[in-house]
Structures are given as C-alpha cells and as structure tokens.
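Undergrad: Curious how this folds, go ahead:
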Amino acid sequence: MSRTGGAGAKQRLMSEMRNLRNEKWIHFEDDESGNLLKWRFALMVINSDSAFNGGYFKAEMVFTDDYPFSPPKFRFLIPITHPNIYPDGQLCISILHKPGEDLMSGEAASERWSPLQGAESVLRSVLLLLDDPEISSPANVDAGVMYRDRRSDYNDRARATVEKSKKDIPEGFEMPRSFEPAPPIKAENDDDFWAESDEELDFGGSDTGDEDEDQDMRDFEDEGDEEEHDGSEEEDGEDDP
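TA: As a prediction, this is how the structure comes out:
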C-alpha cells in the first residue's frame, strides 16, 4: 500500500515539474495536464567541454504512488553510447537505487535514493554522469573500454549521437547556448543632453532669496545716506556765530 496514497505523490510532482519548466536544460513538449507519474521531456547538454555538448536527448521518467519514498525510473529514448547507459536507455546510477546501503555494490546510503532527493537532483546527476562516466563497473563494457583506451573514437561517436538528437528538436524551439541569462542591453548615451546650450540652466531653485538680499542691500544704502546727511547738518551748525 502506498504511504502517500497517490495524492501526495502527484501534488509533489506537480510542484517539481512546475519548477523544472523554468530551467533552460530541460524541455517539456507537453503541457502540465499530462500524466504526472510519467514524464516525457528532453535533456539538453549545455557544456562546451562535454563530448555531448548541444545534445537534445529525449527521455522519460516514471514515478510510483509511493514517491518520494521510492525512486523513479529513468531512461533515454535515444541510443547513447556511454559506459553507464544500457542498450535500452536505462542508467546505472546510484541515485536511482533503493534507499539504504548495499554491501554487494559497496554504495553508501548517502549515494543512493532518499526521500530528500527529487526529480531535479536525479536529472542533474544524469547530466553530470554524461560528462563524467564511472568506468569501474560499466553497464556498457564496450563503451567503457572505448572511453578508456580510444577517447577520440568515443568523442566521435558522441558527436554523431548529438547530431542525430538534433532531429528531435521541435520546430521553432531555440536551443539554449548558456545557462547564464543574456546581459542587459546597454543604454545609449544621449548626446543632446550633454550638448552646450545658450539658455540659462534652471535648477528649480526659488528666486525669493535673491529678492530679499537685494532689498536688504537697498535698505543698507539708504541708512548710510541718512547718517551722512545728518553729519553734514551738525557740521554746518558748528560754524554758525
């Protein structure tokens, strides 16, 4: 019996899918009304150092009603020559293995699935695995040997797979080239703003203060004239007999 009853799993998956639709490296071709327990999408490799750079790899992920207590299943829908990918597209990757330690494989519990994981952590792990395969216990032995001993042949096979995957890109869909957002458009300088003008610049100040200063200066000059006039009269009075 499911520990979530199915409703809890679908509610969580709906939230996870909504967040993933905002990511550049994954593309859902259907709308959100699809089957929440079976996702169909494409993973895009945006890494210039990767042998799979530019790939548009269709894949699917299947969940159970017991999610997130049980891990999902993942597989590519396009053949990919890779040490950790089986011929049917399924992956040999620790995060998709059931919770708990496995003495046979030597995997620690921290490497395997746990309810704290999610769809995004699985998909990011898949992208990392594409660029950094684990060849000590390969799912595809021939691919592992090619990667180890004939890297140029391996890279050529990877590039051929990338070119084949591009045929699945939907019409009108533009492949991202970088995870980083485009820089903002630089504003053009307004040369007219800095051009010299014969008009007097008005910075919005009030002229009231200038008028008060002019009036004070006139009053000061008038007082000086009155004192000078009074002094002249007193001098004239002293000369009278």
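
Undergrad: Can you list the low-confidence ranges for the chain?
TA: Along the chain, the model assigns pLDDT under 70 to residues 1-5, 32-33, 100-109, 179-241.

Undergrad: the helices in this structure, which residues?
TA: 7-20, 119-131, 141-149, 151-165, 191-194, 208-238 (DSSP state H).

Undergrad: okay but Ser165 is in contact with Leu77, surely?
TA: No. Contact criterion CB atoms under 8 Å: Ser165 and Leu77 do not qualify, at 10.0 Å. For glycine as for every other residue, the C-beta is placed from the backbone atoms N, C-alpha and C.

Undergrad: The two - which one has more neighbours?
TA: Legend: neighbour count by other CB atoms under 10 Å for Ser165 and Leu77, higher for Ser165 (22 against 14).

Undergrad: any idea how far Leu36 is from the more buried one?
TA: 26 Å (CB to CB, to the nearest Å).

Undergrad: Likewise for Glu29?
TA: Distance, Glu29 to Leu36, using CB to CB: 16 Å.

Undergrad: neighbour count winner among these two?
TA: Set Glu29 next to Leu36 and count neighbours by other CB under 10 Å: Leu36 wins out with 18 against 12.

Undergrad: contacting residues for the more buried one?
TA: Listed by CB atoms under 8 Å, 6 or more residues apart in numbering, the contact set of Leu36 reads Lys10, Leu13, Met14, Met17, Phe63.

Undergrad: what's the farthest-apart pair in these?
TA: Greatest spacing in these, by CB to CB: Met14 and Phe63 (11.4 Å).

Undergrad: The two: which is more packed in?
TA: Per other CB under 10 Å, whichever of Met14 and Phe63 has more neighbours is Phe63, with 22 against 11.

Undergrad: wait, that one sits on Leu96?
TA: No. The pair Phe63 and Leu96 does not pass the contact test of CB under 8 Å, sitting 11.7 Å apart.

Undergrad: thinking again about what came up before, could I get the contacts of Leu36 in JSON lines, plus columns for distance to Ile135?
TA: Conversion of those to JSON lines gives the following (distance: CB to CB, whole Å):
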{"residue": "Lys10", "distance to Ile135": "38"}
{"residue": "Leu13", "distance to Ile135": "33"}
{"residue": "Met14", "distance to Ile135": "38"}
{"residue": "Met17", "distance to Ile135": "33"}
{"residue": "Phe63", "distance to Ile135": "29"}
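
Undergrad: Not counting residues beside it along the chain, what's closest to Leu37?
TA: In space, and not counting its chain neighbours, Leu37 is closest to Phe63: 4.8 Å by CB to CB, 6 or more residues apart in numbering.
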